[in-house]
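**Q** The following block contains a protein sequence and its predicted model.
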Protein chains: 2
Amino acid sequence: MKIPVYWDERQLLHDPQAELSDGRLVPYAESPARARAVLEVLTASARMEIRAPEPLDEALLHRVHDAGYIALLRGAWADWLKEGCSGDALAGCWPVRGRRDVKLTRVQARLGAACFDAGTPITAHTLAAVEAAAAIGVSAAGAVAQGAGLAFGLCRPPGHHAGRDYMGGYCYLNNAALAAERLLAGGLQRVAVLDVDYHHGNGTQDVFYARPDVFFASIHSDPSTDFPYYWGRVDETGAGPGLGTTLNLPLPRGTQWAGYAPALETALRAIKGFAPQALVISYGADTFEEDPISRFELKTSDYQRMGAAIAELNLPMAVVMEGGYCIGALGANTLTFLEGLAQL
Amino acid sequence: MKIPVYWDERQLLHDPQAELSDGRLVPYAESPARARAVLEVLTASARMEIRAPEPLDEALLHRVHDAGYIALLRGAWADWLKEGCSGDALAGCWPVRGRRDVKLTRVQARLGAACFDAGTPITAHTLAAVEAAAAIGVSAAGAVAQGAGLAFGLCRPPGHHAGRDYMGGYCYLNNAALAAERLLAGGLQRVAVLDVDYHHGNGTQDVFYARPDVFFASIHSDPSTDFPYYWGRVDETGAGPGLGTTLNLPLPRGTQWAGYAPALETALRAIKGFAPQALVISYGADTFEEDPISRFELKTSDYQRMGAAIAELNLPMAVVMEGGYCIGALGANTLTFLEGLAQL
């Protein structure tokens, strides 16, 4: 059976020019070319079947994201133009010290209050791409809910840094969290999310932090050295009814497969212990040795190993695309991972 | 008697290239040319006496600012270079959602946690300028403590957006708060700070928010339309023992003297009611009609009126320079204000 791969070309419309990095505006790393590169490789594979996603379910969207935040996302570009600004909409001011909850008017202020970095601009077409990506993530989960053993949501912008009411780290809506909610909406009681992107999936963690029905495990670069800095430490383990359903496994820069594999085993053992009925995987290929903005040293063949290890859980799996910025190898790394998952 | 004007040319060393504004890196508005323009006009006035400041008192500095924050400021540039960065040090990531207090390692993360905008870069020479500016503010207050009726601290970078443990809005150390503390250290029991900069003096407000011995009054553009957005509303009136010692008087964009004067009267009446023994004035000339980044419409002659109205309080006054970005008129607007204060 072929692996369903969800794709919507509207995701290519999101094409910001720059992000603030180390004090400079640099070319935007999370480019449409990333998605095109993966699509090209997957299209060439006889084992993949490219499909269009279902329209985004509004009720499901509101289950993950705050209504005010969704409204901000949807209106930001028009508001930005209304204020006479041109170029990409990017906050320049953030309420870093916990201010009381004041009514904010200007879009600059509202974006600053709902965004944790200067790398997540809103362009004229961002909303279309973001909603397409969310629909893709949900559709991959929908395929799993309807019996597929494995489905892939080839989507961008990525989602795992976006929380219930905030954006950041190239992410606006949390595609993986939406996929998990889709599985629950389909009748499952327990779902796990495994995040193997180089960066901690702070948004997904925050969305499910107090939830007993969703287990979140993340293997990522130590936040003391890497973005998103303010989340992702081992002692973040969930809260309230969700205490114990968050597992963070930070690894040092320079980690190769030999160091990665034991962390993956730990994550898989914990997921098994949680006894979920399905798995959502936040797949980022920025753990690759040649990734330009990350510092792990996995090789293309390691993604096969990673996929095969995860497959041993024997769970239905919805995979959503997160990061990965070495465009030349992104298709091969993604295909290899999917082949590992499918035990091909 | 001549008006003492404190000046240290090290303040010119702070010369960042750019700030993030409306999604673009634009030339830095808070430039050394601002201070030079004011110095030139004041030097030409027979009523002014240019003086060098006393060295910055370390104990006083720690009375206003947090030790960890001071250490961050002092080490930031070296840490930035150590991480292989070049160009001005500017955070790109902020802990907008209240995270627990984690130990942060990288300077990018520490700057983001201690800064509320992307307009407050640290350059190789920022620290020298910032400490010179703080010493200037303190020295102006010192002159008042020693009997001068009026003294001016001609300093930059400005200070009123900097809080106890954070920077932002071109500000690093709070020169006005340091001046107020200098007056208290000199034996006074009650001091008022009047902030007439176009932007709300959030840092000064935060420093003294719970303090019964310092009254803070600010006349500024409505934060629903203007930076710093997250502070400066009328219902911010102080806390705990400082309840009632904060007065915010936001005014709409387009305000001219006819609209400004009543707010000033309100502020002066409240200050009188507090019965302070001395006054610190945060003077910003960005209320000027031609200011490139602000939207009030005061004229040069209005600064004489403003000064004369404040002088009626009959209090010893230490003035510190805050904003003002119309460089061509900055000297004249400042001289006119000082002449009004001195009732010349």
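**A** Everything's here; your move. Numbering: from 1, shown residues only, chains lettered A, B, ... in the order given.
**Q** Does the longest strand along chain A reach chain B?
**A** Longest strand in chain A, counting residues (DSSP state E): strand A:214-221. No. Strand A:214-221 lies apart from chain B when judged by CB under 8 Å from any CB of the partner chain; the minimum separation is 11.7 Å. From N, CA and C alone the C-beta is placed, and that goes for glycine too.
**Q** mean confidence for the helix or strand following that strand?
**A** As assigned by DSSP states H and E, the chain's next helix or strand after strand A:214-221 is strand A:246-251. The pLDDT scores in strand A:246-251 average 98.
**Q** Give me the sheet partners of strand A:246-251 and which way each runs.
**A** Strand A:246-251 pairs in its sheet with strand A:214-221 (parallel), by DSSP bridges.
**Q** Averaged pLDDT, the partner strand. What do you get?
**A** 98.
**Q** what does stretch A:44-57 give?
**A** 97.
**Q** Buried residues, it. List them.
**A** Applying a neighbour-count criterion of 16 or more other CB atoms under 10 Å in any protein chain shown, one finds A:45, A:48, A:51, A:53, A:56-57 buried in stretch A:44-57.
**Q** quick one: the longest strand of chain A to chain centroid distance?
**A** Taking CA atoms, centre = their mean, to the nearest Å, one finds the center of strand A:214-221 at 12 Å from the center of the full chain.
**Q** So what does the residue nearest to residue A:114 when sequence neighbours are not counted look like in phi/psi?
**A** Spatial nearest neighbour of residue A:114, excluding adjacent residues (CB to CB, 6 or more residues apart in numbering or on different chains): residue A:166 at 5.1 Å. Phi and psi for residue A:166, reported as degrees, to the nearest 10, are phi -150, psi 150.
**Q** Any idea what residue A:166 is bridged to?
**A** Beta bridges link residue A:166 to residue A:163, judged by DSSP bridges.
**Q** and the closest residue to residue A:122 other than its chain neighbours, what is it in contact with?
**A** In this structure, residue A:122 finds its nearest non-sequential neighbour in residue A:89, 4.1 Å apart by CB to CB, 6+ apart. By CB atoms under 8 Å, 6 or more residues apart in numbering or on different chains, the contact set of residue A:89 is A:76-77, A:80, A:107, A:111, A:121-123, B:23.
**Q** Then residue A:141?
**A** So residue A:141 contacts A:151, A:153, A:178-180, A:182-183, A:186, A:280, A:318 (CB under 8 Å, 6+ apart).
**Q** what about burial for those residues, which qualify?
**A** Applying 16+ other CB under 10 Å to these flags A:151, A:153, A:178-180, A:182-183, A:280, A:318 as buried.
**Q** Count the residues that sit near the residue lying closest to residue A:116 once chain neighbours are set aside.
**A** With sequence-adjacent residues excluded and distances taken as CB to CB, 6+ apart, residue A:116 is closest to residue A:168, at 3.9 Å. Close neighbours of residue A:168, defined as other CB atoms under 10 Å in any protein chain shown, add up to 25.
**Q** In contact with residue A:168, which residues?
**A** For residue A:168, the contact set (CB under 8 Å, 6+ apart) comprises A:115-117, A:119-120, A:161-162, A:203, A:228, B:93, B:96.
**Q** Just among these, which is most surrounded?
**A** Counting neighbours by other CB under 10 Å, residue A:162 leads those with 36 neighbours.
**Q** Could you pull up the residues touching that one?
**A** Counting by CB under 8 Å, 6+ apart, residue A:162 touches A:65, A:168-169, A:171-174, A:203.
**Q** go on, residue A:7?
**A** A:39, A:50-53, A:136, A:154 are the contacts of residue A:7 under CB under 8 Å, 6+ apart.
**Q** Ok, residue A:275 next?
**A** By CB under 8 Å, 6+ apart, the contact list for residue A:275 reads residue A:190.
**Q** same deal with residue A:106?
**A** Contact analysis of residue A:106 by CB under 8 Å, 6+ apart lists A:83, B:224-225, B:229.
**Q** and what of residue A:178?
**A** Residue A:178 sits next to A:60-61, A:64, A:134, A:137-138, A:141, A:159 when contact means CB under 8 Å, 6+ apart.
**Q** What of residue A:164?
**A** Residue A:164 makes contact with A:64-66, A:69, A:206-207 under the criterion CB under 8 Å, 6+ apart.
**Q** quick one on the thing from earlier: ok, so of the contacts of residue A:7, who is nearest chain B?
**A** Among those, residue A:136 lies closest to chain B (CB to the nearest CB), at 26.1 Å.
**Q** Now stretch A:268-286 - C-alpha only, CSV.
**A** The C-alpha coordinates for stretch A:268-286 follow below in CSV (Å, rounded to 0.1, in the frame of the first residue of the first chain):
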residue,chain,number,x,y,z
LEU,A,268,10.0,5.3,22.8
ARG,A,269,10.0,3.4,26.1
ALA,A,270,8.2,6.3,27.7
ILE,A,271,5.7,6.5,24.9
LYS,A,272,5.1,2.7,25.2
GLY,A,273,4.5,3.1,28.9
PHE,A,274,1.8,5.7,28.1
ALA,A,275,0.1,3.2,25.9
PRO,A,276,-1.2,5.6,23.2
GLN,A,277,-3.5,4.4,20.4
ALA,A,278,-1.7,6.5,17.8
LEU,A,279,1.4,8.6,17.3
VAL,A,280,2.0,12.0,15.8
ILE,A,281,5.6,12.7,14.7
SER,A,282,6.9,16.2,14.4
TYR,A,283,9.6,15.4,11.9
GLY,A,284,12.4,18.0,11.4
ALA,A,285,15.4,17.1,9.3
ASP,A,286,17.5,19.9,10.9
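**Q** can you pull out the strands in the stretch 51-200 of chain A?
**A** Listed in chain order, the strands of the stretch 51-200 of chain A (DSSP state E, counting those that start in this stretch) span A:150-153, A:191-195.
**Q** Distance check, the nearest residue to residue A:105 once chain neighbours are set aside against residue B:287.
**A** Take residue A:105 and drop its neighbours on the chain: the residue closest to it by CB to CB, 6+ apart is residue B:224, 4.2 Å away. For residue B:224, the distance to residue B:287 equals 18 Å [CB to CB, to the nearest Å].
**Q** These two: who's more crowded?
**A** residue B:287 (29 against 16).
**Q** where does chain A dip in pLDDT?
**A** Applying pLDDT under 70 to chain A flags the ranges A:98-99.
**Q** hmm, back to that, surely the residue nearest to residue A:105 meets residue A:110?
**A** No. Checked against CB atoms under 8 Å, the pair residue B:224 and residue A:110 is beyond contact range at 11.0 Å.
**Q** about what we covered before: reformat the contacts of residue A:164 as JSON lines; add neighbour count.
**A** Converted to JSON lines, the contacts of residue A:164 look like this (neighbours: other CB atoms under 10 Å in any protein chain shown):
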{"residue": "A:64", "neighbour count": "27"}
{"residue": "A:65", "neighbour count": "23"}
{"residue": "A:66", "neighbour count": "14"}
{"residue": "A:69", "neighbour count": "19"}
{"residue": "A:206", "neighbour count": "23"}
{"residue": "A:207", "neighbour count": "27"}
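**Q** ok, and which of those reach chain B?
**A** Among the contacts of residue A:164, the residues lying close to chain B (CB under 8 Å from any CB) are residue A:206.
**Q** quick one: the nearest residue to residue A:335 once chain neighbours are set aside and residue A:31, what's the gap?
**A** Excluding its sequence neighbours, the residue lying closest to residue A:335 (CB to CB, 6+ apart) is residue A:41, at 5.2 Å. Residue A:41 sits 16 Å away from residue A:31, going by CB to CB.
**Q** Next: residue A:187.
**A** With the distance defined as CB to CB, residue A:187 ends up 38 Å from residue A:31.
**Q** Show me which of the two is the more surrounded one.
**A** residue A:31 (17 against 8).
**Q** longest helix of chain A?
**A** helix A:126-145 (DSSP state H).
**Q** what comes up buried for the one helix or strand residue A:38 maps to?
**A** Following DSSP H and E, one finds residue A:38 within helix A:32-44. For helix A:32-44, a neighbour-count test (16+ other CB under 10 Å) marks A:32, A:34-39, A:41-42 as buried.
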